[in-house]
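here are the coordinates; sequence isn't available:
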């Protein structure tokens, strides 16, 4: 159970990086991730059933998530729809899109080859993908493009005063965030051997819980990047969930456990701020 929890936490950590980019860097409450996560799983599973190479399906799932993020960004920037409402609209639409892609509510993948059938250790494959994504994201955030994204989230008026077309950059940021989320969903589908239409339920809560835990416990630590902090938060969150199941908590109570964890960490965060 502990090894399975570690593997799942590493997979979800990729999704957490996407949520971190949208919520913490862009300060955009993007609910699209609840739809782009199963979108990646649906695209990967359907292509696997058609005999496509499993690594190619991951790449195409990543592009599908980027497309979902682009739609969210365009609706928000061009049609002036409120950011939260935009994410909810796209998330709702993606439910039907995912169901159309899959053709049914569940696709089993036990009889097809996945990235985990190459004979290598599962945890090392997932760890390699996570490290690759983290390195790429850290590099992006260090470039001029990344600095504009940071400035856009912190002070949009400053970006406007510099003559930067902020709508385009916000759309690009949402595309990257949802691409990572869909990529994570595709990996999870291949890992657990099936894609389900309800996989995305609560994705945003898991992502925010991991970010809050990581930032509350490790924010301000020397030489720790934000991406590292949220990955550690994801590991701690899944560890708490695994421990809860070990002590006898029912699987049906996990949503309640997640909400409780978030509330407790927020209380701890508030207490630390008052002490300062």
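Right, received. Where do you want to start? None of these values were measured; they are calculated from a predicted model. Numbering: from 1, shown residues only.

avg pLDDT for stretch 50-63?
Here the mean pLDDT over stretch 50-63 is 95, rounded to a whole number.

tell me which residues are up against it.
The set of residues external to stretch 50-63 that reach it, using Cβ atoms under 8 Å, 6 or more residues apart in numbering, is 39-41, 43-44, 47-48, 113-115, 117, 179-180, 182-183, 185-187, 190. C-beta coordinates here come from the backbone N, C-alpha and C atoms, glycine included.

among those, which lie within helices?
When DSSP state H defines the helices, the subset of the contacts of stretch 50-63 inside them is 39-41, 43-44, 47-48, 179-180, 182-183, 185-187, 190.

which members of those are the farthest-apart pair?
The distance between the two most remote of these (Cβ to Cβ) is 20.2 Å, for 48 and 180.

with neighbour numbers in mind, choose between these two.
residue 180 (29 against 23; other Cβ atoms under 10 Å).

roughly how far does that one sit from residue 72?
Relative to residue 72, residue 180 is positioned 14 Å away (Cβ to Cβ, to the nearest Å).

what do you get for residue 29?
Relative to residue 72, residue 29 is positioned 11 Å away (Cβ to Cβ).

overlap of the contact sets of the two?
With contacts defined as Cβ under 8 Å, 6+ apart, the residues shared by residue 29 and residue 72 are residue 87.

for those two, indicate the residue with more neighbours.
Taking residue 29 and residue 72 together and counting by other Cβ under 10 Å, residue 72 has the greater number of neighbours (31 against 16).

so that one makes contact with residue 86?
Yes. Contact status for residue 72 versus residue 86: in contact at 5.4 Å, counting by Cβ atoms under 8 Å.

now do the shared contacts for those two.
A shared contact of residue 72 and residue 86, defined by Cβ under 8 Å, 6+ apart, is any residue touching both; here these are residue 32.

and residue 214, how far from residue 88?
26 Å.

kindly report the same for residue 3.
Distance, residue 3 to residue 88, by Cβ to Cβ: 36 Å.

okay, the two: which has more neighbours?
A direct count of neighbours by other Cβ under 10 Å for residue 3 and residue 88 places residue 88 higher, at 18 against 10.

who touches the more buried one in this structure?
Neighbouring residues of residue 88 by Cβ under 8 Å, 6+ apart: residue 31.

show me where the chain has its helices.
Per DSSP H, the chain has helices spanning 2-20, 33-49, 54-78, 83-102, 122-142, 144-154, 156-161, 166-192, 203-218, 226-246, 254-275. These are given in chain order.

what residue ranges in this structure score low on pLDDT?
By pLDDT under 70, the weakly predicted segments of the chain are 1, 219-222.
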